[in-house]
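A.B. asks: I'll drop the sequence and a predicted model, then ask my questions.
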Amino acid sequence: MTDENRERLQKVAGDLGIGRLSRHIFLCADQTNPKCAPREVTNVSWDFLKKRLAELGLVQGEGCVYRTKANCLRICEQGPIAVVYPDGVWYHSATPDVLERIIQEHLIGGKPVDDFVFAVSPLGGQVGNLPPIVNRPAK
Ligand code: FES
């Protein structure tokens, strides 16, 4: 890789906030083979997630949140399925109402929304209380 290409990638990563991320949420949406929920349902969730993270100012700056649309997270039932890293907290039924709680309580507040958690597998292996990483008031 040339220095010029590396610098271009580093600029793209910097513009996306990579290096300042607090958490990364993956949401199964717009699937090629929709199994966990119909595409019409998962796409509404995805659009909501993108809109709310932007509205709340969570997509830029220190402690920002990265979001990725996944084609399938391999759970394939009771979706939309979402997972938040590095905590490794897996959610079922991630409709807009549930995503609003995930954003406010987990991504901002640092506490998983237990009502919708079905598995926990944090990167690094630590299970326990999660500190609030993004410290912004609810809107
Ligand atoms: S289709 Fe959503 S997890 Fe597989």
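C.D. replies: Structure's in. What do you need? Residues are numbered from 1 along each chain as shown.

A.B. asks: CA atoms for contacts and neighbours, from now on please.
C.D. replies: Fine.

A.B. asks: This structure: helices as residue ranges?
C.D. replies: Listed in chain order, the helices of the chain (DSSP state H) span 3-15, 39-55, 96-101.

A.B. asks: Enumerate every residue touching V44.
C.D. replies: For V44, the contacting residues are 95-96, taking Cα atoms under 8 Å, 6 or more residues apart in numbering as the criterion.

A.B. asks: Show the pLDDT at it.
C.D. replies: pLDDT, the model's per-residue confidence, is 98 for V44.

A.B. asks: for H24, same thing?
C.D. replies: We note a pLDDT of 95 for H24 in this prediction.

A.B. asks: Around it, how many other residues sit close by?
C.D. replies: Counted with other Cα atoms under 10 Å, residues neighbouring H24 total 18.

A.B. asks: That one against Y85, yeah?
C.D. replies: Yes - under the contact definition of Cα atoms under 8 Å, H24 touches Y85, with a separation of 5.2 Å.

A.B. asks: Name all residues that sit in contact with those two at the same time.
C.D. replies: When contacts are counted by Cα under 8 Å, 6+ apart, the set common to H24 and Y85 is empty.

A.B. asks: between the helices of the chain, which gets nearest to the ligand?
C.D. replies: Distances from the ligand to each of the helices of the chain were compared using Cα to the nearest ligand atom; the shortest belongs to helix 39-55, at 8.4 Å.

A.B. asks: show me what contacts L49?
C.D. replies: With contact taken as Cα under 8 Å, 6+ apart, L49 is in contact with 96, 99.
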